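Undergrad: the following comprises the amino acid sequence and a computationally predicted model.
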Amino acid sequence: MTQLKEKLAEKIQAHRPRTAKLTKEYGNVVIDKVDIGQCIGGARDIRCLVTDISYLDPQEGIRFRGKTIPETFAALPKAPGSDYPTVESFWYFLLTGEVPTQAQVDAVVAEFKTRQQVPEYVFTAIRALPRDSHPMVMLSVGILALQKDSKFAAFYNSGKFNKMVAWETVYEDASDIVARIPVIAAFIYNLKYRGDKQNAIDPSLDLGANFAHMIGQSEQYKDVARMYFILHSDHESGNVSAHTTHLVHSALSDPYYAYSAGLNGLAGPLHGLANQEVLGWIMEFQKKLNGAQPTKENVTAALWDTLNAGQVVPGYGHAVLRKTDPRYMAQREFCLKTPGLKDDPLFKLVAMIFETAPGVLTEHGKTKNPWPNVDAQSGVIQWYYGLKEWDFYTVLFGVGRALGCMANITWDRGLGYAIERPKSVTTDMLEKWAAEG
Ligand code: AMX
């Protein structure tokens, strides 16, 4: 057993009595109620999921294992010569809740090297798709193609399945997915946008740095990849990608089925596809400007054009957050401290939208949150570093989101969470209850 798996075994063992006690002794304690608005309106805010991996406060934003984004970045050991932690150290932290030592990080980096080789049949399956398929289709197919080697599915089918240790094989699949998904993403990028010019894995590099290397990116982009994957990892359990992954795995579908499904949810324009939509919106606006400088006036007019056409302003609003997303701020700070990027015309335009859109959306009066979310800022950084194929941006999100989703389902199995099965009612019933007040 690796050090990380041993540590995780210890943590899961120690946690189990807490969950068992809550279920057995306090199972009837009411923690929420449901109204008709929530029943029709996407189950918004209903407290009915448990996770200790991250928590999203509407005012404060995300905390990973109790730490804010700046605290997380400050606490974790950094990649060699970098201000940013490796994705591997963050993975250790998400799984165990403990900040790893450098030696523990090195062990995970080494472990990932043994896992990251992607079988050729995965690439064959992706190549068989039409080249103009969306890269999210390719990513979802790539993850699903790996399913035949699932250690969890093999354990389930072995006749020796045992609930107490089932998490160990979920951990194996989860770790394989986290180690391999950047390699699959890089393959897709190279296939679609670099004329199939594939770069081999560099075994001396950590996960983020290797992704940068594989897509032929610059030295500076290594930090972009590390930062981006960590920021997009987790946003508690109710968002579409995390919830789908959890739901599908709750049927004991293995992590490959579960995460492929999660990715399909991430591909929706109200969720992960918003980052591609933001760039599309900005490019359309720039075209209309026809060389003129963006001003508060012309940005305001463009925002109203979008709203009056009955469309949403991509990158703004959130189902839970009620302030500027700290993931937006972390990326904005990256832009402000990076020479060149802070004076980049696209960054300036995004900053102008940041100044303008909250006022316009407030005046429009529909959204409960007029502030930007993570997607409003992320495309600018990618664009600046030359990754201009914006239909790939959700794939980057999907590589990062694997960390949170995989940590969550490892713990789901560790704590033996039940198959998810909420109850539905009919409109007749709702009308009857409405009439009864
Ligand atoms: N522009 C215009 N109108 C908006 C809006 C926006 N950015 N955000 C919300 N609204 C509208 C909604 O469409 C809804 O209108 P309706 O009553 O006519 O249906 C109304 O405001 C109330 O919505 P809400 O309760 O504030 O938001 P929600 O919880 O229903 O939806 C979200 C949240 C993110 C889907 C929504 O804000 C949105 O569509 N934003 C733009 C897309 C986006 O940026 N998505 C990415 C989210 C982050 C992520 O998952 N990656």
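TA: Happy to help now that I have it. Numbering: from 1, shown residues only.
Undergrad: what's the first-to-last distance across stretch 63-79?
TA: Using Cα to Cα, to the nearest Å, one end of stretch 63-79 lies 21 Å from the other.
Undergrad: got a list of contacts for that stretch?
TA: Applying Cβ atoms under 8 Å, 6 or more residues apart in numbering, the contact partners of stretch 63-79 are 52-57, 60-62, 84-86, 89-90, 93-94, 97, 99-102, 105, 206, 208-209, 222-223, 226, 230-231, 233-234, 326-327, 329-330. Heads up, the C-betas are built off the backbone N, CA and C, glycines and all.
Undergrad: mind listing the helices for the stretch 151-300 of the chain?
TA: 151-157, 166-193, 207-214, 221-231, 240-250, 255-266, 274-289, 296-308 (DSSP state H, counting those that start in this stretch).
Undergrad: what does the protein have sitting close to the ligand?
TA: Where the chain comes near the ligand, counting by Cβ under 6 Å from any ligand atom, the residues are 239, 270-272, 274, 307, 312-319, 361, 366-369, 373-375.
Undergrad: on that earlier part again, from the contacts of stretch 63-79, which ones fall inside strands?
TA: Assigned to strands by DSSP state E, the following of these qualify: 54-57, 61-62.
Undergrad: those, buried ones only, as a PyMOL selection?
TA: PyMOL command restricting these to the buried ones, with burial defined by 16 or more other Cβ atoms under 10 Å:
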select buried, resi 54+55+56+61+62
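Undergrad: can you tell me which of the ones in strands among the contacts of stretch 63-79 is nearest residue 249?
TA: Nearest to residue 249 among the ones in strands among the contacts of stretch 63-79: residue 54, at 17.3 Å, using Cβ to Cβ.
Undergrad: check contacts around the closest residue to that closest one other than its chain neighbours.
TA: Nearest residue to residue 54 in three dimensions, chain neighbours excluded: residue 234, at 4.3 Å (Cβ to Cβ, 6 or more residues apart in numbering). By Cβ under 8 Å, 6+ apart, residue 234 lies in contact with 53-54, 62, 64, 94, 242, 401, 403-405, 407-408.
Undergrad: ok, residue 340 next?
TA: residue 384.
Undergrad: quick one: pLDDT of the residue of the stretch 101-250 of the chain found nearest the ligand?
TA: Going by Cβ to the nearest ligand atom, the ligand is nearest to residue 239 of the stretch 101-250 of the chain, at 5.8 Å. pLDDT for residue 239: 98.
Undergrad: what of residue 421?
TA: pLDDT, residue 421: 97.
Undergrad: looking at the helices of the stretch 151-300 of the chain, which has the lowest confidence?
TA: The lowest average pLDDT among the helices of the stretch 151-300 of the chain, as it happens, falls on helix 274-289, at a mean of 90.
Undergrad: packing partners for the helix or strand bottoming out on mean pLDDT in the chain?
TA: Ranked by mean pLDDT, DSSP states H and E, the weakest helix or strand in the chain is helix 274-289, scoring a mean of 90. Counting contacts by 3 or more Cβ pairs under 8 Å, 6 or more residues apart in numbering; DSSP states H and E, helix 274-289 packs against helix 296-308, helix 345-364, helix 375-384, helix 393-414.
Undergrad: adding mean neighbour count, write those helices out as TSV.
TA: Putting these into TSV (neighbours: other Cβ atoms under 10 Å) gives the following:
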stretch	mean neighbour count
helix 296-308	16
helix 345-364	18
helix 375-384	25
helix 393-414	27
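Undergrad: correct me if wrong: residue 341 contacts residue 333.
TA: No. Using Cβ atoms under 8 Å, residue 341 makes no contact with residue 333, being 11.0 Å away.
Undergrad: neighbour count for these two, which is higher?
TA: Shown here are residue 341 and residue 333; by other Cβ atoms under 10 Å, residue 341 has more neighbours (18 against 13).
Undergrad: now the residue of the chain found nearest the ligand: phi and psi?
TA: Of the residues in the chain, the one nearest the ligand is residue 317, at a distance of 2.2 Å by Cβ to the nearest ligand atom. As for residue 317, its main-chain torsions (degrees, to the nearest 10) stand at phi 90, psi 160.
Undergrad: who's in contact with the closest residue to it other than its chain neighbours?
TA: Leaving aside its sequence neighbours, residue 317 sits nearest to residue 367 (Cβ to Cβ, 6+ apart; 4.4 Å). Contact analysis of residue 367 by Cβ under 8 Å, 6+ apart lists 316-317, 361.
Undergrad: mind pulling up the pLDDT for residue 367?
TA: As predicted, residue 367 sits at a pLDDT of 97.
Undergrad: A helix includes it, no?
TA: No. Assigned with DSSP: H, G, I helix; E, B strand; the rest coil, residue 367 falls outside any helix and is coil.
Undergrad: low-confidence ranges, this protein, go.
TA: In the prediction, the chain carries no residues with pLDDT under 70.
Undergrad: re the thing from before, what's near enough to touch the residue of the stretch 101-250 of the chain closest to the ligand?
TA: Counting by Cβ under 8 Å, 6+ apart, residue 239 makes contact with 271, 319.
Undergrad: from residue 342, how far off is the nearest residue to residue 361 once chain neighbours are set aside?
TA: Of all residues not flanking residue 361 in the chain, residue 370 sits nearest, at 3.6 Å (Cβ to Cβ, 6+ apart). Relative to residue 342, residue 370 is positioned 25 Å away (Cβ to Cβ, to the nearest Å).
Undergrad: more neighbours: these two, which one.
TA: Using other Cβ under 10 Å as the criterion, residue 370 and residue 342 rank with residue 370 on top: 21 against 14.
Undergrad: helix/strand/coil for the more buried one?
TA: Secondary structure, three-state DSSP: residue 370 is coil.
Undergrad: going forward, begin numbering at 201 instead of 1
TA: All set: I'll call the first residue 201, so the last point we hit is now residue 570.
Undergrad: tell me the contacts of it?
TA: Contacts of residue 570 by Cβ under 8 Å, 6+ apart are 516-517, 557-562.
Undergrad: and what of residue 407?
TA: Residue 407 makes contacts with 286-288, 309, 312, 316, 378-379, 382, 429, as judged by Cβ under 8 Å, 6+ apart.
Undergrad: what do you get for residue 284?
TA: 273, 278, 408, 423, 426-427, 430.
Undergrad: can we see that at 10 Å?
TA: Neighbouring residues of residue 284 by Cβ atoms under 10 Å, 6 or more residues apart in numbering: 273, 276, 278, 290, 408, 422-428, 430, 534.
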